[in-house]
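K.L.:
Pasted the sequence and its predicted model underneath.
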Amino acid sequence: MAAKQENVFVGVIGGSGLYHLDNLTFIKHVNPETPWGFPSSPIAICALPSGKQVAFLARHGTGHSIAPSAVPARANIAALKSLGVRAILAFSAVGSLREEVRPGDFAIPSQIIDRTKGVRPASFFEGTSIVAHAAFGDPFSLKLSKWLEERVKAVLETSGNGAQLHSDKTIVCMEGPQFSTRAESKMYRAWGGDLINMSVLPESKLAREAELSYALIATATDYDSWREHEGSVTAAEVFKTLQTNAELSRKVAASVLDELHEAAAQGDILTEEVGSMKFAIMPRSEKQKEEDREKLRYVLPTYFS
Ligand SMILES: CSC[C@H]1O[C@H](OP(=O)(O)O)[C@H](O)[C@@H]1O
Ligand SMILES: Nc1ncnc2[nH]cnc12
């Protein structure tokens, strides 16, 4: 088990365009080797102006060298948990499937539609002799997401660039790396999808298995490929807004992390995830291999000690 970092209760996962929280004070890098390998890149332990510390992880690596399908999500979540993280604030650059969610706007989704292709290891229990079925009806931490809404809205209102916050949205997670066809984009809208990305799964599933609170701040960069009289999304289009969104994301992070650290330390917004796996894991049997129990102890010490 990696060494817990004294008083690090909040982890931030940066997506495309957000590779550093350079408005915070860098302290050190830690690079825990987990039973599922190393995280996308060394985790930066950063200090807030108050001195409180947070962990920052670049989902695609700081040089954006890791494609969506290859993100070591199990190592990322396990590494953050091993540091003592209890709540994860994840950022993601997303496509918008709704007119009202404009490029430059932010959204806090509440639901996910899985359009990944099953090529991403999506459970810590995969390949072990232990079976577990995590509850995932509400894929994001309801209390953490609600807690974030007003705070993120307040930052956007003072940002001056007209960015709005949209809540209670459904995000489609596709495999990629190519963007959607026009037909797929329209299909996702018909299914009730509001946003689209390539990275929220299995990250959110693994956070739930590890009993971590997890919320996503989606930052819109394009209208995907559903608008009749417009070109379909291109990386160039996405890149136009990435930096502006990243700057605003850093302001959001700097604004909420101090209070979130305190809340996470006290556990008052974490109760819904802590203990959620207690009845999800099949009862112990002689068929469960000790080496598998040891592996899972890394993320769920309560149940496998
Ligand atoms: C650069 S557009 C596609 C790419 O951007 C998003 O990454 P993230 O969610 O980590 O911000 C999307 O999921 C794709 O990985
Ligand atoms: N249109 C899109 N589809 C998938 N992921 C995205 N990230 C940003 N824009 C996207």
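P.N.:
Received it, and whenever you're ready, just let me know what you need. Ligands and ions are numbered 1, 2, ... in the order given.
K.L.:
what residues are up against residue 155?
P.N.:
248, 251, 252, 255, 256 (CB atoms under 8 Å, 6 or more residues apart in numbering). The way it works is simple: take the backbone N, C-alpha and C, and place the C-beta from them, glycine included.
K.L.:
now these as CSV including secondary structure?
P.N.:
CSV is the format used below for the contacts of residue 155 (DSSP: H, G, I helix; E, B strand; the rest coil):
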residue, secondary structure
248, helix
251, helix
252, helix
255, helix
256, helix
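K.L.:
Name the nearest residue to residue 169, ignoring sequence neighbours.
P.N.:
Closest residue in space to residue 169, ignoring its immediate chain neighbours: residue 194 at 3.9 Å, by CB to CB, 6 or more residues apart in numbering.
K.L.:
confidence score at that neighbour?
P.N.:
Note for residue 194: predicted pLDDT of 99.
K.L.:
from here on, count from 549
P.N.:
Yep, numbering from 549; the last one is residue 742 now.
K.L.:
Isn't it up against residue 656?
P.N.:
No - Residue 742 is beyond contact range of residue 656, at 11.2 Å (criterion: CB atoms under 8 Å).
K.L.:
Settle it for me: which of these two has more neighbours?
P.N.:
Legend: neighbour count by other CB atoms under 10 Å for residue 742 and residue 656, higher for residue 742 (25 against 22).
K.L.:
How much space separates the residue lying closest to residue 848 once chain neighbours are set aside from residue 678?
P.N.:
The shortest distance from residue 848 to any non-neighbouring residue, by CB to CB, 6+ apart, is to residue 825 (6.1 Å). Residue 825 sits 11 Å away from residue 678, going by CB to CB, to the nearest Å.
K.L.:
now swap in residue 574 and tell me
P.N.:
38 Å.
K.L.:
same deal with residue 758?
P.N.:
From residue 758 across to residue 678, the span is 14 Å (CB to CB).
K.L.:
out of the two, which sits in the more crowded spot?
P.N.:
Taking neighbours as other CB under 10 Å, residue 758 and residue 678 compare with residue 758 leading, 23 against 20.
K.L.:
List, one by one, the residues from this structure near ligand 1.
P.N.:
Within the chain, the positions near ligand 1 by CB under 6 Å from any ligand atom are 563-564, 607-608, 616, 640-641, 724, 745-747, 783, 786.
K.L.:
dump the residue contacts of the closest residue to residue 582 other than its chain neighbours.
P.N.:
Leaving out its chain neighbours, the residue that sits closest to residue 582 by CB to CB, 6+ apart is residue 626, at 4.0 Å. Residues near residue 626 by CB under 8 Å, 6+ apart: 580, 582, 583, 584, 672, 754, 758, 846, 847.
K.L.:
quick revisit: spell out which residues are contacts of both of residue 742 and residue 656.
P.N.:
Joint contacts of residue 742 and residue 656 (CB under 8 Å, 6+ apart) are 714, 717.
K.L.:
What ranges does the protein have for its helices?
P.N.:
For the chain, the helices defined by DSSP state H cover 621-630, 690-707, 730-738, 748-757, 783-814, 838-845, 849-852.
K.L.:
Among these, single out whichever gets nearest to ligand 2.
P.N.:
Nearest to ligand 2, of all these, is helix 783-814, at 5.0 Å by CB to the nearest ligand atom.
K.L.:
Indicate whether the closest one makes contact with ligand 2.
P.N.:
Yes - counting by CB under 6 Å from any ligand atom, ligand 2 has neighbours in helix 783-814: residue 786.
K.L.:
and that helix, how far out from the chain's middle?
P.N.:
For helix 783-814, the separation from the chain centroid amounts to 12 Å (computed by CA atoms, centre = their mean, to the nearest Å).
K.L.:
Now do the buried residues in it.
P.N.:
Neighbour counts over helix 783-814 (16 or more other CB atoms under 10 Å) mark 785-786, 789-790, 792-794, 796-798, 800-801, 804-806, 808-809, 811-812 as buried.
K.L.:
residues in contact with the residue lying closest to residue 767 once chain neighbours are set aside?
P.N.:
Excluding its sequence neighbours, the residue lying closest to residue 767 (CB to CB, 6+ apart) is residue 793, at 3.8 Å. For residue 793, the contacting residues are 565, 566, 641, 652, 654, 767, 768, 769, by CB under 8 Å, 6+ apart.
K.L.:
same question, residue 696
P.N.:
The neighbours of residue 696, taking CB under 8 Å, 6+ apart as the test, are 637, 656, 763, 765, 804.
K.L.:
Can you verify my assumption that the third one contacts residue 656?
P.N.:
The reference is to residue 763. Yes - at 6.6 Å, residue 763 counts as touching residue 656 under the criterion of CB under 8 Å.
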